[in-house]
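Please find the sequence and the predicted model below.
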Amino acid sequence: MNCEDILIQKMALIDGEKTELSDQQINEHLAICENCRQQIELLENTVGLLKRQKRRAQTADLWSAIEKQISAEPVEVFKIKWQPFVLLGVLLAVYKFAEMVPERDFGWALRVIPFVLVALLFGFLKENPFKINTELILEK
Amino acid sequence: MMDDSAAIEKCLKGEKDAFRYVVKRYQAQAVGHSTAILGNRQDALDAAQEAFIDAFQALKNFDREQRFYPWFYVLLRHRCYKMIAKKHAAENIEETEIIAPQNGLSNEDRMTLEKGLLSLSKEDREIITLKYLDGFSYDEIAGYLEIPRGTVMSRLFYARRQLQAKLTGKFH
């Protein structure tokens, strides 16, 4: 650990957060490093000042402007469309029966059918199965 | 009194007026946060308004088991950053007020601290205000900014050092 790492960890401790290093390990470094002690003292003063402040309460009345905009558009209600899934199930069952018909070899064309059906389903639902929805990443 | 989850459920059933409750509840907080990022009250109001509309349009993606505001904050900061990029300006900073007047700090010193905060980059100002003006933990900030906790720790350290350098010798 270099001085920079120690300073980062010490400031996290001052903020009351858990750190990788123990208080003792950090203080052992500070006991022998004058430069780090000086920097911590300066940073503590700044932090002490900040901690005594509060965010100013902002006045705002946004509703009337928002209401105008949202009243012009329909609400998109989330509903699961079950029909495409039933259709996919039926088609896959038909495919399975076709596959069991003896003495008929459709070769590779038959094997790609399930993939085509699933791709068509996603196409129909206008969903990209590889898209990561970043809006769904929330705090735990 | 209606809670967030009930209001959002009503919105999803087509009762747009229920969104009024959500807006009224969070608008002051949202404008406070967008002001800290943009450093400009008018832009902050515009960004918050757009973010609420984004939220309304994306309500079907919201997990009602989660709290509304952290989810909304992600949309809000995207709006703020988009606004900065659109204006092609580094940041349109003006004399604005982020810090509430408090006992124990003169107006002059408060203005010095405000100026110090406004002279920081938007990223530094955002993380410092989330930590010290809102009192969020590192884990909460990690959720708001969508970054790992370790990154919060280091970014906060460098932001504090920037601020400390700007404030050195300026207090009475």
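Structure received. Numbers count the residues shown, from 1 in each chain, chains lettered A, B, ... in the order given.

after the helix or strand hosting B:R79 comes which helix or strand?
If you go by DSSP states H and E, B:R79 is part of helix B:68-87. Next helix or strand after helix B:68-87 toward the C-terminus (DSSP H and E): helix B:107-118.

buried ones in that following helix?
By 16 or more other CB atoms under 10 Å in any protein chain shown, the buried positions in helix B:107-118 come out as B:110, B:112-114, B:116-118. For glycine as for every other residue, the C-beta is placed from the backbone atoms N, C-alpha and C.

could you point out which element follows it?
helix B:122-128.

hang on, the earlier thing: which of the buried residues of helix B:107-118 come close to chain A?
Of the residues in the buried residues of helix B:107-118, proximity to chain A by CB under 8 Å from any CB of the partner chain holds for B:110, B:113.

With respect to chain A, which of the buried residues of helix B:107-118 is nearest?
B:L113 (6.7 Å; CB to the nearest CB).

so the closest one makes contact with A:G48?
No: counting by CB atoms under 8 Å, B:L113 does not reach A:G48; the two are 12.0 Å apart.

So what's the residue count around residue 52?
Chain wasn't specified; assuming chain A. A:R52: 12 surrounding residues under other CB atoms under 10 Å in any protein chain shown.

wait, chain B
A total of 26 residues lie near B:F52 under the criterion other CB under 10 Å.

and the helix or strand hosting it, C-alpha only, in CSV?
If you go by DSSP H and E, B:F52 is part of helix B:41-57. Extracted in CSV, the C-alpha atoms of helix B:41-57 (Å, rounded to 0.1, in the frame of the first residue of the first chain):
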residue,chain,number,x,y,z
ARG,B,41,-31.2,26.8,-11.5
GLN,B,42,-33.1,27.2,-14.8
ASP,B,43,-31.3,24.2,-16.3
ALA,B,44,-31.9,22.3,-13.1
LEU,B,45,-35.6,22.9,-13.3
ASP,B,46,-35.7,21.8,-17.0
ALA,B,47,-33.7,18.7,-16.3
ALA,B,48,-35.9,17.7,-13.4
GLN,B,49,-39.0,18.2,-15.5
GLU,B,50,-37.7,16.1,-18.3
ALA,B,51,-36.5,13.4,-15.9
PHE,B,52,-40.0,13.2,-14.4
ILE,B,53,-41.5,12.8,-17.9
ASP,B,54,-38.8,10.1,-18.6
ALA,B,55,-39.8,8.4,-15.4
PHE,B,56,-43.5,8.5,-16.3
GLN,B,57,-42.8,6.9,-19.7
